[in-house]
Every structure is written in C-alpha cells, then in structure tokens.
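K.L.:
build me a model from this:
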Amino acid sequence: MDIVKLCPAVKTPVWGGERIGGWGKKGCRGRIGETWELSFLESAPSVIDGGPDDGKPLYTVAGKSDWGSSAAAFGNFPVLIKFIDAAAPLYVQVHPGDEYAASHGLGFGKTEMWYVTDAAENAGLYMGFNRTVTAEEAASAAKNGSIEALLNFIPVKKGDCFFVEAGTVHAIGAGVTVAEIQQSSDVTFRVYDYGRRGADGKPRELHLNSALEVMTLEKYSPRGNIFSDGLFADRAEKLAECRYFSVYRAFGAGSFRAENSFMAFICVSGSGRINGLPMKKGDAFFAPAGKAVVTEGGAEFLIAGVNI
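P.N.:
The predicted structure follows:
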C-alpha cells in the first residue's frame, strides 16, 4: 500500500463554525463542527481521495500489516483523528477510561490530545475543575447552569497543545479550532449543554449520572512532558505520547519512516508536498507501516502513530 490522501467524514453539530469550510477541503462547505480525518469506524469512515482505491473507505484497504505491529496489538485500529471547529462553545463533557467502557459494553475509553490550529482573541477552553469538588457539587452546578464557575479556563493561541486524559471534564470554547488525536472511540458523556436544542427542537440529551461515575473531581493539574524523545527526535518536536498514540509537530522538508506503526500526516498550516502529492492546511494522509515519507515545502504538520 502506498501513502494515500484522505477525505473525511463530516459532522455538522449546532456549535460548528465556518473555518474548516474555508480550507478548500473536498466535501467541506458551510458550517462544520467536525471532520473525521483518519477514521476506521464504520459509522463514519474516512475515504481514500485519489489513486486506484479512490472512494473506498480506508478501513477496507488498509490491513493490519499496514497498521504496523504496535497498532495491530490493540486488535481494533486504536486512533481517530479529527479537526474540530467551535463557533459556539462545545458542551461540557467527559469520557470514560477503558475499564469503565469495557465493563459497560461501550468498547474503548477515550483519551485525547488537542493542537490549536486557530483561535480568536480571548478564546479559550475549559479543562478540569479549578478546585477539588464533590460529586454533589458537580451535579448541582451542571443542573443549575453554573458549572463553568467550577471549571479551569485556559486562554489559548495557535500552536498550543493539551493532553486530555479520560475522566477530565472539558470543553472547547467559542472561536477555537483544534486538531484532535484520540483513541478510536465515540463515547462521550454530556454534562452541560447551555440549554441548547437539537435539530428536532428538543433539549439535547445529557448523561450526568454516567459522567459522575467517571469524572475526576480533584483540582486539575496539567500532565507534564514525561515521554521519551522518540523516533523522530532529530527532525520533529514530540507533543504527546501515551500507550494509544504518539504525536509530533514538524515543519518543511523532512524524511520519516516507522517500521512498527502507520503514520498519519495532518497539515495544520502552510503548504508543501508529501511524497510528491500537494499538501495544504487541512489535508490528511495515511502512510502504512514501513513506508518512507518525504516532505517538501513550507507546511507545518502533525505526525501521529503508535509508539513512534
């Protein structure tokens, strides 16, 4: 299998914005909340764009040998990559860990990281509680609409990076666009949604009881950079690492190869070429394990894989 460009599954929630629609991405016009750039989920797969497998879902073409041994060890493809654009605040939410998800028939938990690609002036996000709270306090604040006062607000700018462990209450604020690298899971417990209604005109469902079972109630403390330099330490900056994914940021010309893992390339600014293919902001590519990848030009891009 050769490197392939990907066309995303597109989501249009009520809080979506217009940035992604302005990037010139295939199939992306108007108000968009999420694009699932690398997705092996059959309910919302990414599709190959161009070449002999044009139009085919990636999961039907890329086998476990293409995933690499580190990814294949999970059984199911372990990574999901998105762009998220919030014109209005996302709902306050929390994700379970693997143990809770498995014991409740939900598949896998969800740990993730965000890389801020764009941010309006004074925009920010909510990450964890600003003090230790009780479950009763969190529940009461979610019900009466005062939960933002308990959350840790962090102003953001382009290039900021955040690691969001399962159990951390969080929300992306209005005016923020991120690239999200996460476990391949769509399990989310909605805590508070500003009283918004869905397309059917009804209040959107909350999952407060489940959320209280998994959320971390202690005061938020950022995770330090405790990871190794990694495979590309001499040519890229490692941003995040956990058992599910490794993420680097790189610029311009470079060469990359991982024998043990696929590599996903996500362009977050500028333009260039990748193995001869044009690459611009918003583009995503999948390279199978063992494939040599050469980048040229002035693009800034993220590289994601497993244990690289």
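K.L.:
so which residues of the stretch 51-200 of the chain form strands?
P.N.:
Applying DSSP state E, counting those that start in this stretch to the stretch 51-200 of the chain gives strands spanning 79-86, 92-94, 112-119, 124-129, 151-155, 161-164, 170-172, 176-183, 189-192.
K.L.:
parallel or antiparallel, list what pairs with the fifth one.
P.N.:
Using DSSP bridges, the strands paired with strand 151-155 are strand 124-129 (antiparallel).
K.L.:
same thing with the last one?
P.N.:
According to DSSP bridges, the neighbouring strands of strand 189-192, each with its direction, are strand 92-94 (antiparallel).
K.L.:
contacts for the strand it pairs with?
P.N.:
For strand 92-94, contacts defined as C-beta atoms under 8 Å, 6 or more residues apart in numbering pick out 126, 142, 147-148, 151, 167-171, 188-193, 211, 214-215. C-beta here means a position set from N, CA and C on the backbone, and glycine is covered the same way.
K.L.:
low-confidence regions, the chain specifically.
P.N.:
Scanning the chain for pLDDT under 70 picks out 224-227.
K.L.:
mind checking the longest helix of it?
P.N.:
Of all the segments assigned as helix in the chain under DSSP state H, the longest by residue count is helix 135-144.
K.L.:
how far out from the middle of the chain is it?
P.N.:
Taking C-alpha atoms, centre = their mean, to the nearest Å, one finds helix 135-144 lying 27 Å from the centre of the chain it belongs to.
K.L.:
buried set for that helix?
P.N.:
Applying a neighbour-count criterion of 16 or more other C-beta atoms under 10 Å, one finds 137-139, 141-142 buried in helix 135-144.
K.L.:
kindly export stretch 26-39 (C-alpha atoms) in PDB.
P.N.:
Output of stretch 26-39 as PDB, limited to C-alpha atoms (Å, rounded to 0.1, in the frame of the first residue of the first chain):
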ATOM      1  CA  LYS A  26     -13.200  18.100  -0.600                       C
ATOM      2  CA  GLY A  27     -16.800  17.800   0.600                       C
ATOM      3  CA  CYS A  28     -16.400  20.500   3.200                       C
ATOM      4  CA  ARG A  29     -18.600  23.500   2.700                       C
ATOM      5  CA  GLY A  30     -20.600  25.800   5.000                       C
ATOM      6  CA  ARG A  31     -20.900  25.400   8.800                       C
ATOM      7  CA  ILE A  32     -18.900  22.300  10.000                       C
ATOM      8  CA  GLY A  33     -18.200  21.200  13.600                       C
ATOM      9  CA  GLU A  34     -16.000  18.100  13.000                       C
ATOM     10  CA  THR A  35     -14.200  16.400  10.200                       C
ATOM     11  CA  TRP A  36     -13.100  12.800  11.000                       C
ATOM     12  CA  GLU A  37      -9.800  12.800   9.000                       C
ATOM     13  CA  LEU A  38      -8.500   9.400  10.000                       C
ATOM     14  CA  SER A  39     -11.300   7.100  11.000                       C
END
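K.L.:
same list (the buried residues of helix 135-144) but as a markdown table, adding distance to Arg197.
P.N.:
A markdown table is the format used below for the buried residues of helix 135-144 (distance: C-beta to C-beta, whole Å):
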| residue | distance to Arg197 |
| --- | --- |
| Glu137 | 27 |
| Ala138 | 24 |
| Ala139 | 22 |
| Ala141 | 21 |
| Ala142 | 17 |
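K.L.:
pick the one among those residues closest to Tyr244.
P.N.:
Taking C-beta to C-beta as the measure, Ala138 is the one of those closest to Tyr244, at 26.4 Å.
K.L.:
isn't the closest one up against Ile147?
P.N.:
Yes. With contact defined as C-beta atoms under 8 Å, Ala138 and Ile147 form a contacting pair (7.2 Å).
K.L.:
which neighbours do these two share?
P.N.:
Val191.
K.L.:
identify the farthest-apart pair in the buried residues of helix 135-144.
P.N.:
Greatest spacing in the buried residues of helix 135-144, by C-beta to C-beta: Glu137 and Ala142 (9.6 Å).
K.L.:
which residues of the stretch 1-150 of the chain fall in helices?
P.N.:
With DSSP state H, counting those that start in this stretch as the criterion, the stretch 1-150 of the chain has helices at 58-61, 64-67, 69-72, 98-103, 135-144.
K.L.:
ok, which of these comes nearest Phe83?
P.N.:
Closest among the helices of the stretch 1-150 of the chain, using C-beta to C-beta: helix 58-61, at 16.5 Å.
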